[in-house]
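In: I need the structure of the sequence given here:
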Amino acid sequence: MLEKEKLNAELDRKLLSSVKVEDEVWKIDSDGMHYKDLNSLLRAISSNGAKKIEIHNVCGQRYIGTDLDREVQIDIYGTPGNDLGAFMNGPRLVVHGNAQDGCGNTMNEGQIVIHGHTGDITGHSMRGGRIFVRDDVGYRVGIHMKEYQGKKPQLVIGGTAQDFLGEYMAGGAMLILGLTLPEGERCKARFVGTGMHNGVIYERGDLLELGKGTRIMNVGKRDMQLIETLARDFCSYFDADYEKIMNAKFRKIVPISKRPYQNMYSH
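Out: Now for the predicted structure:
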């Protein structure tokens, strides 16, 4: 049994008073807590061997899960602030609500599950791990996603997205399901895949308007294997209907060139 007394002695007593342990679940009341204090507390608790942490009354605290490199599940109740899971390298974050901008910024490994919406630049420069968003996302989502040392980031969006989806995308895979759209309506995002030079965007049906420098292709067997895996996980997290989701034609958006701006260089 983990004990609060084993935490880093440098932590303020006031911070420790906001923590309780029930059945080996560490519960933090973050009401009014500064984001730096909250993240110091998370690092200390995870370093102490905690496997499951709950944070309650979250209201805009930034960088939750940032730079954590241990296999720990953190359930977040409330609305976390910007850069949730930035530079994360292992934990699983589950947000029971909406998230704000920069979710998963440059994350390296781990998983983020959002039971709601996320804001702009979700998945910015992520180079590994997976993000699942139940509903809609903001602008420039997936910008500069990349593959790094064998890691292939994956981002699943249950609803729709705003402009510049997949901008400058350099690797990994996105899956757009469009489940929040009325039947027959398309996503209004403009400039999809602008500057994209690697990776793939999968769409369920005819959802997206192609950006310059991209093209539509039919999905192959390997594509469908990945889509099916991501869809099953999405359904298990959000209690969605797998058969309904898969009862559609999937297509993929890929870049035409690996150097879309080469004609703009003088050398």
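In: Check which residues of stretch 15-28 are buried.
Out: 15, 18-19, 26-28 (16 or more other CB atoms under 10 Å). C-beta here means a position set from N, CA and C on the backbone, and glycine is covered the same way.
In: what's the answer for stretch 184-201, then?
Out: 187, 189, 191-197, 199-201.
In: swap in stretch 61-79?
Out: 61-66, 68-69, 72-79.
In: Just the element for R215, please.
Out: Here R215 is covered by strand 214-218, with elements defined by DSSP states H and E.
In: what helices or strands is that strand leaning on?
Out: strand 250-255 (3 or more CB pairs under 8 Å, 6 or more residues apart in numbering; DSSP states H and E).
In: elements contacting the strand it packs on?
Out: Partner elements for strand 250-255 (3+ CB pairs under 8 Å, 6+ apart): strand 198-204, strand 214-218, helix 221-238.
In: Pick the most buried one from the ones you listed.
Out: Mean neighbour count (mean count of other CB atoms under 10 Å) peaks for strand 198-204 among the helices and strands packed on strand 250-255, with a mean of 22.
In: what are the pairing partners of that one, and which direction each?
Out: strand 170-176 (parallel), strand 250-255 (antiparallel) (DSSP bridges).
In: export those to JSON lines and tack on distance to M217 and mean neighbour count?
Out: Formatted as JSON lines, these follow (distance: least, CB to CB, whole Å; neighbours: other CB atoms under 10 Å):
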{"stretch": "strand 170-176", "distance to M217": "14", "mean neighbour count": "24"}
{"stretch": "strand 250-255", "distance to M217": "5", "mean neighbour count": "20"}
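In: Output those as CSV; include the columns mean pLDDT.
Out: Formatted as CSV, the strands paired with strand 198-204 follow (pLDDT from 0 to 100):
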stretch, mean pLDDT
strand 170-176, 97
strand 250-255, 96
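In: Just put those in a markdown table and tack on distance to G150.
Out: A markdown table is the format used below for the strands paired with strand 198-204 (distance: least, CB to CB, whole Å):
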| stretch | distance to G150 |
| --- | --- |
| strand 170-176 | 11 |
| strand 250-255 | 21 |
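In: and N39, which of those is closest to it?
Out: With CB to CB as the criterion, N39 lies closest to strand 170-176 of the strands paired with strand 198-204, at 26.5 Å.
In: For the closest one, C-alpha coordinates in PDB please.
Out: What follows is strand 170-176 as a C-alpha-only set of coordinates in PDB (Å, rounded to 0.1, in the frame of the first residue of the first chain):
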ATOM      1  CA  ALA A 170       5.000  14.600 -41.900                       C
ATOM      2  CA  GLY A 171       3.900  11.200 -40.700                       C
ATOM      3  CA  GLY A 172       1.500   9.200 -38.700                       C
ATOM      4  CA  ALA A 173      -2.200   8.600 -39.300                       C
ATOM      5  CA  MET A 174      -5.400  10.500 -38.600                       C
ATOM      6  CA  LEU A 175      -8.900   9.100 -38.800                       C
ATOM      7  CA  ILE A 176     -11.900  11.400 -39.200                       C
END
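In: who touches it?
Out: Residues from elsewhere that reach strand 170-176 (CB atoms under 8 Å, 6 or more residues apart in numbering): 123, 126-127, 142, 144-148, 152-157, 160-161, 165-166, 187, 197-204, 207-208, 226-227, 230-231.
In: what angle do it and helix 221-238 make?
Out: 60 degrees (axes from the mean of the first three to the mean of the last three CA atoms, to 10 degrees).
In: how far does strand 170-176 sit from the chain's center?
Out: Chain-centre distance of strand 170-176: 12 Å, with CA atoms, centre = their mean, to the nearest Å.
In: right, and the helices and strands packed on strand 250-255 - which one's nearest N247?
Out: Between N247 and the helices and strands packed on strand 250-255, the tightest spacing by CB to CB is seen for strand 198-204, at 9.7 Å.
In: Okay, helices next: where are they in the stretch 101-250 of the chain?
Out: Per DSSP state H, counting those that start in this stretch, the stretch 101-250 of the chain carries helices over the ranges 221-238, 242-246.
In: May I see the buried residues of the last one?
Out: This points to helix 242-246. I245.
In: and that helix, what does it pack onto?
Out: helix 221-238.
In: Over to the first one?
Out: Judged by 3+ CB pairs under 8 Å, 6+ apart, helix 221-238 is in contact with strand 130-133, strand 154-157, strand 170-176, strand 198-204, helix 242-246, strand 250-255.
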